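K.L.:
Sequence first, predicted coordinates after that:
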Amino acid sequence: MSAHIVQSQPKLDLAKRKAATFGAVGLGLCALAWLLQPDRFYQSYLVAYLFWVGISVGCLAVIMVHYLVGGLWGFTIRRPAEAGTQTIPLMALFFLPIILGMKSLFIWADPHHVEADPHLQNKALYLNVNFFLVRALIYFVIWGGLAWVLNWGSRVQDRVESPYPTDRLKNVSGPGMVLYFITLTFAMVDWGMSLEPEWFSSIYGAMLLVGQVLASLCVLILVTDWLSKSEPELHEVTTPQAYNDLGNLLLAFVMLWAYMSFSQYLITWSGNLAEEIPWYLKRSVNGWRPVAIALIVFHFFVPFFLLLSQDRKRKIEALKKVAIAILFMRCVDQIWLILPAFEAKNILVFWSVIPAFVGIGGIWLAFFFSRLGARPLLPRNNPQLTAALEHHGE
């Protein structure tokens, strides 16, 4: 074991134990919520699940994009991103409560609703329990397969000086991005949009995809900064220019999220279609209107103007504060997208969303830290890293 790993392990082990403790407490409260309000628990659980699984698969996109475009920025977050992809099997396990609560979540999963609704009958070929489960299995197999290939190739590159493993991963990343986009779009349609099967949006899946990559970048920036404070090895790549590039990525995805969100709103509202406008009306009553306004202000305008400053992007303490704010608003956005689909006179009935976030997130982080400590924090023998360092030194 390298000295680097020995040095890192106590810090990571402590973080893992704390995360596991929070996760256990959160899951205990989830069990209480399930006993008291099983329907509301499943609905709240879905929100938290979509947030955390989005970070797992978002790390896939970050890694593949970096293999395709290169740059020093990717090596500052490479190991945390690889560890993030290794949580995909865990998220497949956490999908079980959604299967158990399908009738509480999806009206098309209840035969009585389908029998009484001709609209649901017309979509029954796609929206049925068996096909839903088959699709979910396909998604996890593809995501898990991509994660395994990316991590396996990275381990091989650490052991050999030949650029062959990295070249192979670059070739895999192109088709991998296509598979990622298709499967994640369908998954978000299945797990999010089908909550209201009469509503339709061609942007919905891509919009959630962009938001999940944005959340992943925020997590990776925060973890890298936390590690770099005690890891001299990372100082070589955690440069102001690398953070500036990461800040530019945050800015780009904030703008892309805003563009897609506004486009969906504009197309839906200008079309004036009776089956589509109610989706926004539900998110403007019973306390949801202030949430929507907060998203406009704090998910777009505030981070947009903050990230325009190059000085702020090059200083990790300033960039970290922006990343924390965006990550919090990603949680809020996930809540706003999902929970209004379930009829409720007051948003406080979804109190179990907090223990769900903590429970799933605590276990996710504990598993994440355990995988992060298994390898050196800086990739070895990587030709892209050598080229990036040479370019940075010019």
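P.N.:
That came through fine.
K.L.:
just for the stretch 251-394 of the chain, where's the confidence low?
P.N.:
274-275, 390-394 (pLDDT under 70).
K.L.:
what's the distance between Trp191 and Phe368?
P.N.:
Trp191 sits 22 Å away from Phe368 when distances are taken as Cβ to Cβ, to the nearest Å. Where C-beta positions appear, they are placed from N, C-alpha and C, glycine not excepted.
K.L.:
Look at those two and report which has more neighbours.
P.N.:
Phe368 (27 against 23; other Cβ atoms under 10 Å).
K.L.:
and the more buried one, what element?
P.N.:
Following DSSP states H and E, the helix or strand that holds Phe368 is helix 353-372.
K.L.:
residue contacts, Leu29?
P.N.:
Leu29 sits next to Ser352, Pro355, Val358, Gly359 when contact means Cβ atoms under 8 Å, 6 or more residues apart in numbering.
K.L.:
out of these, what pair is the most spread apart?
P.N.:
Pairwise distances across these (Cβ to Cβ) peak at 10.6 Å, for the pair Ser352 and Val358.
K.L.:
out of those two, which sits in the busier spot?
P.N.:
Neighbours per residue, other Cβ under 10 Å: of Ser352 and Val358, the larger number sits with Ser352, 24 against 20.
K.L.:
picking up where we left off before, now, which of the contacts of Leu29 sits nearest Asn244?
P.N.:
Val358 (33.0 Å).
K.L.:
Can you list the residue ranges for helices in the stretch 151-300 of the chain?
P.N.:
Along the stretch 151-300 of the chain, counting by DSSP state H, counting those that start in this stretch, helices occupy 164-191, 204-228, 240-271, 277-282, 289-294.
K.L.:
Quick one: name whatever helix or strand follows the helix or strand hosting Ala81.
P.N.:
Element membership for Ala81, per DSSP H and E: helix 73-85. Going down the chain from helix 73-85, the next helix or strand is helix 88-93, by DSSP H and E.
K.L.:
just checking, next helix/strand downstream of the longest helix anywhere in the chain?
P.N.:
Determined from DSSP state H, the single longest helix within the chain is helix 3-36. Where DSSP H and E defines the elements, the next helix or strand beyond helix 3-36 is helix 38-69.
K.L.:
Any idea how far the helix holding Ala81 is from the middle of the chain?
P.N.:
Relative to its chain's centre, helix 73-85 lies at 14 Å (Cα atoms, centre = their mean, to the nearest Å).
K.L.:
Can you list the buried residues in that helix?
P.N.:
73-85 (16 or more other Cβ atoms under 10 Å).
K.L.:
quick check: angle from that helix to helix 204-228?
P.N.:
Orientation check (axes from the mean of the first three to the mean of the last three Cα atoms, to 10 degrees): helix 73-85 against helix 204-228 gives 110 degrees.
K.L.:
if I pick the closest residue to Arg380 other than its chain neighbours, what's in contact with it?
P.N.:
Take Arg380 and drop its neighbours on the chain: the residue closest to it by Cβ to Cβ, 6 or more residues apart in numbering is Asp158, 4.1 Å away. Shown in contact with Asp158 (Cβ under 8 Å, 6+ apart): Arg375, Pro376, Pro379, Arg380, Asn381.
K.L.:
So the last one: helix, strand or coil?
P.N.:
Pointing back at Asn381 there. What DSSP: H, G, I helix; E, B strand; the rest coil gives for Asn381 is coil.
K.L.:
Ramachandran angles for the residue nearest to it when sequence neighbours are not counted?
P.N.:
Closest residue to Asn381 apart from its sequence neighbours, by Cβ to Cβ, 6+ apart: Glu161 at 5.0 Å. Per-residue torsions, Glu161: phi -90, psi -10 (degrees, to the nearest 10).
K.L.:
List every C-alpha atom in stretch 359-370, with coordinates, as CSV.
P.N.:
Taking Å, rounded to 0.1, in the frame of the first residue of the first chain, the C-alpha atoms of stretch 359-370 are listed here in CSV:
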residue,chain,number,x,y,z
GLY,A,359,-30.7,8.1,5.2
ILE,A,360,-29.9,7.4,1.5
GLY,A,361,-27.2,10.1,1.5
GLY,A,362,-25.5,8.9,4.6
ILE,A,363,-25.1,5.3,3.3
TRP,A,364,-24.2,6.6,-0.1
LEU,A,365,-21.4,8.8,1.3
ALA,A,366,-20.2,5.9,3.6
PHE,A,367,-19.9,3.6,0.6
PHE,A,368,-18.4,6.4,-1.5
PHE,A,369,-15.6,7.1,1.1
SER,A,370,-14.8,3.4,1.4
